[in-house]
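> Let's see this in three dimensions:
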Amino acid sequence: IFSDDHGWADLGAQGVDKDIRTPNLDRLARDGVLFKRGYVTAPQCTPSRAGILTGTYQQRFGVEHNGIPMPSEVVTLPERLKGAGYVSGISGKWHLNVVDPGKTERPKERFDPELLPHRQGFDEYFTGFRQDYAASHALDGSPFPDAPRQVHEDGFRVTTQTEAALGFLDRRAKAPDQPWFLYLSYMAPHVPLDSPEPWFSRPPAHLPQERRQALALLGAIDHGVGRIREKIGAMGQEQKTLVFFIGDNGAPLGRAWNGSINLPLKGQKGMLSEGGIRVPFIAAWPGKIPGGQVYDHPVISLDVAATAAELAGLPKEPALDGVNLLPFLTGDNDGVPHGTLYWRWMSQAAVLEMPYKLIVLGERERLLFNVAEPEGEDIGRNLMAQQPDIAARLEDKLKGWTSGLQPPGLSATPHRRHERLFAEHGISEGTGSAAQTSARPAPEA
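Numbering: from 1, shown residues only. A predicted model of the protein is given here:
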């Protein structure tokens, strides 16, 4: 289950904000493991989704940012699982067929059958943003003989996406011996914001409207997660089903604020600081993963595909960049899943080797932080001068990793907006304004 622009703070189990109410997600964490240092591969929708669905750093096949559709030849997790007899379904946001028709227009979603999920391993699909979807089945379960069919649903998007997911599970209940994979990709709390009831009436009335709307959207997601787990239980498959819940990237905090927050992490969507790539991250498998765990070692969304493929009995695939997390969660492996994690997004790049994280901003700036410290990524904690050997070693490793990407190497061109964001959040000198200290930075000029 993948949420959209969901800030790290906005999960009750994190214990950050008393206004957030996510009882079903908190129960999921109690039944399994809450990853305190769970990462995604990008601070933006399309590349993050390409990473989780392939288990491969998406820069290896050129999906650097929004506006680049995922190449059809890339092997996805559903395609791998077909080799183990799985049937796969998707409900909600796909966003891997976004194309940029030109510099004068905004990127837009295109209804192109060649770029839809059924071309990349999904057997069933109900995928779209708000009210318009490409679907293989109607919400009542009826298959479309002319699929993919364009359908319009006037209902609230989170409820629609939950209903489509439940429909997929209804069909699986009729064939209980066939294994299945479901990707429920909620388009929330991403803008445009809604005020769905009964969830909108629950947050305190004194909060900003955007915050109340975000909490309402998250409440609807939480309700949907509860319904999904209830359905899996009714199917008798609770102890046969591994559930992940992950955010696709951090919350945006500027003019496009969606009401979600990243505290106490620094930064936001569009940044390789912790606030852009460290997200809510839970896994639960009753009877297999001991419940009530809080896991502090870094994990990444790439691990979903590696875990699922290995548990499905598929041979180990060298192309996968993630690892099977199960031995680390059951106590069979007392090591750490990852020694090093990498990122590159446009003019930014980063490498994490606990406790140190190096951030590269074009050719201009290098930032080294000890992210295990409470202050984390603060301009006053930049260790470049104090730890030049560590910084040089990490940059060498980062350069080595980027040499295998498409295109290879680090960006030499600084991005002014990126520099300004790092300065506004008090992470670098950059070219921006003074640091913002509130949960939501002031709108950009």
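
> what sits opposite residue 88 in the beta ladder?
residue 181 (DSSP bridges).

> wait, isn't it in contact with residue 180?
Yes - the criterion here is Cβ atoms under 8 Å, and residue 88 meets it with residue 180 at 7.0 Å. Every C-beta, even on glycine, is put in place using the N, C-alpha and C of the backbone.

> Comparing those two, which residue is more hemmed in?
residue 88 (25 against 20; other Cβ atoms under 10 Å).

> Let's see the pLDDT reported for the more buried one.
On pLDDT, residue 88 comes in at 98.

> what does residue 433 give?
pLDDT, read off for residue 433, is 39.

> now residue 297
Value for residue 297, per-residue pLDDT: 98.

> Going forward, the N-terminal residue is numbered 47.
Sure, I'll start counting at 47 from here, so that last one is residue 343.

> what about the closest residue to it other than its chain neighbours, helix or strand, and which?
Spatially, and ignoring its direct neighbours in sequence, residue 343 is nearest to residue 382 (4.6 Å; Cβ to Cβ, 6 or more residues apart in numbering). Using DSSP states H and E, residue 382 sits within no helix or strand.

> For the closest residue to residue 158 other than its chain neighbours, the count of nearby residues, please.
Once flanking residues are discounted, residue 158 sits nearest to residue 143: 6.1 Å by Cβ to Cβ, 6+ apart. Counted with other Cβ under 10 Å, residues neighbouring residue 143 total 21.

> can you give me the strands for the stretch 247-396 of the chain?
With DSSP state E, counting those that start in this stretch as the criterion, the stretch 247-396 of the chain has strands at 289-293, 327-330, 339-341, 345-346, 387-391, 394-399.

> and the residue most central in space within the chain, how far is that from residue 308?
Centroid-nearest residue in the chain, with Cα atoms, centre = their mean: residue 294, separated by 1.9 Å. According to Cβ to Cβ, to the nearest Å, residue 294 and residue 308 sit 13 Å apart.

> who touches both of these two?
Counting by Cβ atoms under 8 Å, 6 or more residues apart in numbering, residue 294 and residue 308 have no shared contacts at all.

> before we move on, the earlier item: between the strands of the stretch 247-396 of the chain, which one is closest to residue 434.
strand 394-399 (15.4 Å; Cβ to Cβ).

> So what are the sheet partners of the helix or strand following the closest one and their directions?
Once strand 394-399 ends, the next helix or strand along the chain (criterion: DSSP H and E) is strand 402-407. Its sheet considered, strand 402-407 pairs with strand 394-399 (antiparallel), strand 411-416 (antiparallel) by DSSP bridges.

> Tabulate these in CSV, adding columns for mean neighbour count and distance to residue 73.
Compiled in CSV, the strands paired with strand 402-407 are given as follows (neighbours: other Cβ atoms under 10 Å; distance: least, Cβ to Cβ, whole Å):
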stretch, mean neighbour count, distance to residue 73
strand 394-399, 24, 30
strand 411-416, 21, 34
